[in-house]
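Trainee: Got a predicted structure plus its sequence, pasted below:
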Amino acid sequence: MTFQIRAISIYNRDGEMRTVPFQAGSLNIITGDSRRGKSAILTIVDYCLGSDDFVIRGAALRNFVHVFALTIIKGDEQLFVARPAPVGKAATNTTFCVVSQALGAPPPDYASLTFSMPLDIAKKVLSRFTSIDLSVQLPVARSPRQLSPSVRHGLFFCLQEQNEVANQDLLFHGQMDDFHRSALRAMLPYFLGTVDPERAQLEHRLRLLRRQLAEQQERLSAARPFEHASGTAAGLHGEALEVNLLAPAPAGRLLSHNEIVDRLRQAVEAIVPGAAPPAGEDPLSVLNVARRDLRQAYSRTRVRISNLKTIAKEKDDFLGQVREQHARLATLGLLRRAHQERASQDELCPVCGSRASEAGQVARVMRRDLERLDAEMSAMGEATPDINARIVEEEAALADLRSALARNQEQIEVLSAGQRAAAQDDPQHRTAVVQGRISLFLDTMTRHAQVRVEDRREEIAIEIASLEEQLGNSAQEDLLSSHLSLVNQKIQAKAVALELEHHNDPIRLDPRALTLIADTRQGPVKMSEMGSGHNYLGYHIATMLSLHEWFNEIGSPVPRFLILDQPSQAGFPDETRGGGFGSARATLLNLYETIHASIESLAGAFQVIVLEHADLDEEPFRSAVRARWRRGNGEALVPAHWITYDSNE
């Protein structure tokens with residue numbers, strides 16, 4: 001079971017409250033003129049259900065509303081969710097007041113609101129209230145990460161903004177955003193009831209293993225040249241013999257690779273009288289020593305960055321747990337301001353507020369825990385900028401080292417080229433060049449030995465084969481196709497009722513393209529190619545209603561409401577109110593009859609809220625109107641007496 005909307009509320013800075021009620025399991029219409037606050041209802045619902053931003057349109061809302069609130073109900077449960085308006089230029093406010101209420105209780109007064117619940121905890125509370133299993137992990141296409149479903153994902157199917165409700169290219173709420181599109185593709189099978197959480201975990205593991213196998217192959221391919229280092233070592237050994245850096249090996253004895261490497265080390269350290277200058281004076285040797293030092297510094301810096309990022313992640317994980325504990329205590333009313341009297345607190349029960357001397361000790365312990373959590377959160381929060389600053393410094397140092405290595409390599413190549421040319425006529429110089437090449441070879445061989453790639457291909461391949469056998473071929477794909485087929489039948493039935501283009505052709509919802517497609521004899525026709533605002537609007541409504549009917553049938557944890565912002569804008573005149581019964585008016589009435597029929601078929605389990613400009617006298621429109629916000633009657637979302645100066649808008 002999941003929730004519907006009972007009311008939205010707003011509070012001004014003086015603590016006055018304005019509440020707009022709605023009926024559960026019914027069609028609710030708020031009609032009115034433009035700039036009366038109708039569209040803000042959808043934004044307020046989205047904001048109170050945990051959105052990361054809040055696009056406030058209209059000076060009345062921006063300047064005179066201090067808190068936005070939402071009352072939601074599920075069975076005999078009721079939850080009140082309030083969130084302060086963003087302050088200044090901030091895009092959002094990240095604290096909430098979440099209160100469990102008796103069914104039918106009015107919104108709390110302003111003075112009793114305590115904003116102590118962080119955004120991430122509020123999302124979890126709301127997701128649980130929606131009956132979402134937070135332990136589920138779903139894979140995201142072409143990404144190593146997984147997503148847990150939340151109330152935010154359910155809203156893809158519950159909101160249709162003014163620029164979405166008849167959009168030819170976008171079918172779902174938020175679909176324009178790349179991240180939302182990826183999340184939609186991942187979540188649609190889950191909400192359609194085709195995802196087995198255990199299977200999803202296995203599929204995610206399979207994807208990771210396939211990626212690991214490809215990476216393993218790449219690393220082994222990169223390391224392969226150094227598997228044949230014996231040949232290079234033997235060649236350098238021969239050159240060292242030619243320039244008299246080494247004495248000949250015993251005749252008839254074949255040296256092993258390790259023996260050759262040991263002799264090469266001797267050659268690097270050998271000083272040939274009258275030959276090359278000391279290592280400290282030879283430019284090539286100086287550059288090689290500098291390169292070795294730069295590589296060591298580069299490796300140390302990378303390790304420090306990795307350690308700092310690990311510390312930051314562990315800190316964030318710990319801080320999340322601390323915040324969750326803090327929120328649980330704070331929501332019990334244990335959060336106290338410094339100026340409150342401690343003496344009276346010790347005599348009050350933190351839950352019910354009554355005097356309870358026996359509970360005093362428990363309350364003191366819980367308050368101490370809360371103070372400890374406050375201190376930990378403060379300390380961890382203060383440490384975050386320092387850690388981030390260190391990471392930035394180390395990454396800047398890493399970039400400098402990378403540049404220095406590039407310059408060093410360029411210098412070595414230029415100097416080596418010159419020395420090779422000179423070595424033809426200068427045996428002493430040739431000796432130094434050979435020593436430099438041997439030194440570079442030994443340094444490279446040492447580094448690759450330190451990062452030797454372990455060949456795990458066979459082990460990974462065996463696990464991949466086991467998972468593929470365990471998962472089978474296409475059981476989940478078949479189930480998704482089956483469920484989508486049933487949803488498609490519902491969409492087509494509504495397309496017939498709404499007299500939409502292609503209603504006689506098979507209509508299907510494409511879970512990858514996230515659009516509707518009509519299969520015709522001439523080929524597939526996407527929704528964007530069907531033409532006419534009436535078709536776009538009709539297919540949006542048909543899809544959302546059909547999905548909610550299916551969600552209800554299978555008990556999917558999607559909120560049981562749909563908010564439509566001004567559906568009559570698509571091909572209907574603004575003055576669709578009273579008067580004659582033209583074709584546009586008849587089409588709009590047919591749309592509302594279809595919505596009403598869908599609501600009635602679900603027997604109170606589904607709610608539709610329409611924010612409309614049109615005003616029809618016929619049923620079911622007339623009896624569904626909850627408010628008329630028009631300039632003529634002075635009604636609007638924000639009461640006129642809250643507005644203390646004239647807006648320039």
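Mentor: Sure, I can see it. Numbers count the residues shown, from 1 in each chain.
Trainee: what residue lies at the spatial centre of this protein?
Mentor: Phe179 (6.6 Å; CA atoms, centre = their mean).
Trainee: Okay, buried residues for the helix or strand harbouring it please.
Mentor: Taking DSSP states H and E as the criterion, Phe179 maps to helix 178-191. Judged by neighbour count using 16 or more other CB atoms under 10 Å, the buried positions of helix 178-191 are 180-191. Quick note: C-beta positions are derived from backbone N, CA and C, even for glycine.
Trainee: closest to Arg300 among those residues?
Mentor: Each of those was checked against Arg300 using CB to CB; the closest is Ser182, at 37.2 Å.
Trainee: Domain map for this structure?
Mentor: Domain ranges of the chain: 4-193+553-642, 230-273+282-340+352-458, per the TED database.
Trainee: Quick one: closest of those to Ala493.
Mentor: Among the domains of the chain, if distance is taken as CB to CB, the winner is domain 4-193+553-642, at 9.7 Å.
Trainee: shaky segments in the stretch 501-649 of the chain?
Mentor: 570-581, 645-649 (pLDDT under 70).
Trainee: which of the domains of the chain sits most buried?
Mentor: Of all those, domain 4-193+553-642 carries the top mean neighbour count, a mean of 18, counting by mean count of other CB atoms under 10 Å.
Trainee: And that one, end to end?
Mentor: Start and end residues of domain 4-193+553-642 are separated by 29 Å (CA to CA, to the nearest Å).
Trainee: Quickly note the distance from Asn408 to Tyr47.
Mentor: For Asn408, the distance to Tyr47 (CB to CB, to the nearest Å) stands at 55 Å.
Trainee: still on that earlier bit, could the buried residues of helix 178-191 be laid out in a markdown table, adding pLDDT?
Mentor: Shown next, in a markdown table, are the buried residues of helix 178-191 (pLDDT from 0 to 100):
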| residue | pLDDT |
| --- | --- |
| His180 | 93 |
| Arg181 | 93 |
| Ser182 | 92 |
| Ala183 | 93 |
| Leu184 | 95 |
| Arg185 | 94 |
| Ala186 | 90 |
| Met187 | 93 |
| Leu188 | 95 |
| Pro189 | 92 |
| Tyr190 | 92 |
| Phe191 | 96 |
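Trainee: Considering those residues, which is situated nearest to Leu516?
Mentor: Each of the buried residues of helix 178-191 was scored against Leu516 by CB to CB, and Leu188 proved nearest at 13.5 Å.
Trainee: contacting residues around Ser148?
Mentor: 134-138 (CB atoms under 8 Å, 6 or more residues apart in numbering).
Trainee: Just the ones of those residues in strands?
Mentor: Leu138 (DSSP state E).
Trainee: Dump the contacts of Ser148 into CSV; add pLDDT and distance to Tyr298 as well.
Mentor: Formatted as CSV, the contacts of Ser148 follow (pLDDT from 0 to 100; distance: CB to CB, whole Å):
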residue, pLDDT, distance to Tyr298
Leu134, 85, 42
Ser135, 79, 42
Val136, 84, 42
Gln137, 80, 36
Leu138, 83, 39
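Trainee: From the contacts of Ser148, pick the one nearest Asn633.
Mentor: Of all the contacts of Ser148, Leu134 has the smallest distance to Asn633: 45.6 Å, by CB to CB.
Trainee: will you turn the contacts of Ser148 into CSV that also has distance to His534?
Mentor: Output for those, formatted as CSV (distance: CB to CB, whole Å):
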residue, distance to His534
Leu134, 41
Ser135, 44
Val136, 39
Gln137, 41
Leu138, 36
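Trainee: quick check, nearest of the contacts of Ser148 to Gly436?
Mentor: Distance to Gly436, by CB to CB, is smallest for Gln137 among those, at 54.0 Å.
Trainee: which residues sit in contact with the nearest residue to that closest one once chain neighbours are set aside?
Mentor: Distances taken as CB to CB, 6 or more residues apart in numbering place Gln146 nearest to Gln137, at 4.2 Å, with adjacent residues excluded. Each residue near Gln146 by CB under 8 Å, 6+ apart is listed here: 137-140, 204.
Trainee: Could you do Asn488 as well?
Mentor: Neighbouring residues of Asn488 by CB under 8 Å, 6+ apart: 506-509.
Trainee: just those residues now: which is nearest Lys124?
Mentor: Out of these, the member with the shortest distance to Lys124 (by CB to CB) is Leu509, at 29.7 Å.
Trainee: Hmm, the closest one is touching Leu484, no?
Mentor: Yes. Using CB atoms under 8 Å, Leu509 is in contact with Leu484, at 5.8 Å.
Trainee: got the residue ranges for the helices in the stretch 501-649 of the chain?
Mentor: Under the criterion DSSP state H, counting those that start in this stretch, the stretch 501-649 of the chain contains helices at 533-554, 583-601, 621-624.
Trainee: backbone phi and psi for the residue nearest to His180 when sequence neighbours are not counted, please?
Mentor: Spatial nearest neighbour of His180, excluding adjacent residues (CB to CB, 6+ apart): Gly174 at 4.1 Å. When read as degrees, to the nearest 10, the backbone of Gly174 gives phi 80, psi 10.
Trainee: Can I get stretch 182-190 in CSV? Just the C-alpha atoms.
Mentor: The C-alpha trace of stretch 182-190 is given here as CSV (Å, rounded to 0.1, in the frame of the first residue of the first chain):
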residue,chain,number,x,y,z
SER,A,182,19.1,6.4,-16.9
ALA,A,183,17.2,6.1,-13.6
LEU,A,184,13.9,5.7,-15.5
ARG,A,185,15.2,2.8,-17.6
ALA,A,186,16.5,1.1,-14.5
MET,A,187,13.4,1.7,-12.4
LEU,A,188,10.6,1.0,-14.9
PRO,A,189,11.0,-2.8,-14.7
TYR,A,190,11.1,-2.6,-10.9
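Trainee: distance between it and the chain's centre?
Mentor: Relative to its parent chain, stretch 182-190 has a centroid offset of 12 Å by CA atoms, centre = their mean, to the nearest Å.
Trainee: Looking at the buried residues of helix 178-191, which is nearest Ala249?
Mentor: Distance to Ala249 across the buried residues of helix 178-191 (CB to CB) is lowest for Ser182, with 63.4 Å.
Trainee: circling back to that earlier point, mean pLDDT for the domains of the chain: which is lowest?
Mentor: Out of the domains of the chain, domain 230-273+282-340+352-458 stands lowest, with a mean of 71 (criterion: mean pLDDT).
Trainee: Show me the helices in the stretch 351-500 of the chain, by range?
Mentor: So, for the stretch 351-500 of the chain - with DSSP H, counting those that start in this stretch - the helices run 360-423, 427-450, 457-471, 475-497.
Trainee: Let me see the contact set for Leu547.
Mentor: Going by CB under 8 Å, 6+ apart, Leu547 touches 157, 487, 558.
Trainee: again, but for Leu170
Mentor: Neighbouring residues of Leu170 by CB under 8 Å, 6+ apart: 164, 176.
Trainee: separation between it and Lys494?
Mentor: 19 Å.
Trainee: again, but for Ile609
Mentor: 19 Å.
Trainee: How about Pro118?
Mentor: Pro118 is 41 Å from Lys494, by CB to CB.
Trainee: TSV please, covering the buried residues of helix 178-191 and showing distance to Leu213.
Mentor: Converted to TSV, the buried residues of helix 178-191 look like this (distance: CB to CB, whole Å):
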residue	distance to Leu213
His180	31
Arg181	28
Ser182	24
Ala183	27
Leu184	29
Arg185	24
Ala186	23
Met187	28
Leu188	29
Pro189	26
Tyr190	27
Phe191	32
